[in-house]
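> Structure here, sequence nowhere to be found:
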Ligand code: ADP
């Protein structure tokens, strides 16, 4: 089973749910930049307050901030990791590549969870998080298309991309991920 992983997909695709299940079963560190940022927001720090403003608009927080969060966490893992929500643009992907070369832990597989927009919007509206209202969701989907989706091609060219259909029951999606990763 591969142990240096990245889950990619639009907001609402189920990355977080699947990443949690996967990390619990296989003992990997789950590095979700969304969760880590929300922790920062709840801590009430100045950085958190600034991040909250951006997140509530559905925009991306600065590359420097997420990179420093990820870097700190990656250096503290030893039995594999799963990145969720990072990288979200080409610049972050380049920074990640440099970081992983430095620690000599190359990315082994990227799992793309695919799902049609109609289902995504329904799921996100049902979730009811602070950044889950219609206008903000539309913004996040647009940013995903513009900034994040080019990463699909990038990892495909490296031959490490696995595509999974996300519009199915949680356990069905989970099995297809395990299968794709050689479990
Ligand atoms: P979702 O999977 O629904 O998009 P996340 O929990 O991954 O939600 O992220 C929530 C918000 O946190 C994003 O809309 C963005 O503002 C911020 N965020 C998370 N990860 C990153 C990142 N790698 N770069 C910039 N902003 C990020």
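It's in. As the structure is a prediction and not an experimental result, all values here were calculated from the model.
> Near residue 36, how many other residues are there?
Residues near residue 36, counting by other Cβ atoms under 10 Å, number 19. To be clear about C-beta, it is placed using only N, CA and C from the backbone, and glycine gets the same treatment.
> Make 474 the starting number, not 1.
Sure, I'll start numbering at 474, so the last one becomes residue 509.
> Skipping adjacent residues, who's closest to it in space?
Counting by Cβ to Cβ, 6 or more residues apart in numbering, residue 509 lies nearest to residue 542, which is 5.0 Å off, once chain neighbours are set aside.
> How about residue 544?
In this structure, residue 544 finds its nearest non-sequential neighbour in residue 572, 6.0 Å apart by Cβ to Cβ, 6+ apart.
> residues near the one you found, how many?
Counted with other Cβ under 10 Å, the neighbours of residue 572 add up to 15.
> Residue 585 too?
Neighbours of residue 585 under the rule other Cβ under 10 Å: 22.
> Just checking: what are the partner strands of whatever helix or strand it lives in?
Applying DSSP states H and E as the criterion places residue 585 in strand 582-587. Paired neighbours of strand 582-587 in the sheet (DSSP bridges): strand 477-481 (parallel), strand 634-638 (parallel).
> list the contacts for the residue of the chain found nearest the ligand?
Closest contact between the chain and the ligand, by Cβ to the nearest ligand atom, is at residue 507 (1.9 Å). The contact partners of residue 507, by Cβ atoms under 8 Å, 6 or more residues apart in numbering, come to 489, 557, 558.
> repeat that for 7 Å
Contacts for residue 507 (Cβ atoms under 7 Å, 6 or more residues apart in numbering) come out as residue 558.
> which element is it on?
Counting by DSSP H and E, residue 507 is found in helix 506-515.
> Please identify the buried residues of that helix?
By neighbour count on 16 or more other Cβ atoms under 10 Å, the buried set for helix 506-515 is 506, 507, 509, 510, 511, 513, 514.
> pLDDT weak spots in this structure?
Applying pLDDT under 70 to the chain picks out residues 656.
> just the helices in it please.
For the chain, applying DSSP state H gives helices covering 488-499, 506-515, 519-528, 536-547, 563-575, 590-600, 607-616, 623-630, 643-653.
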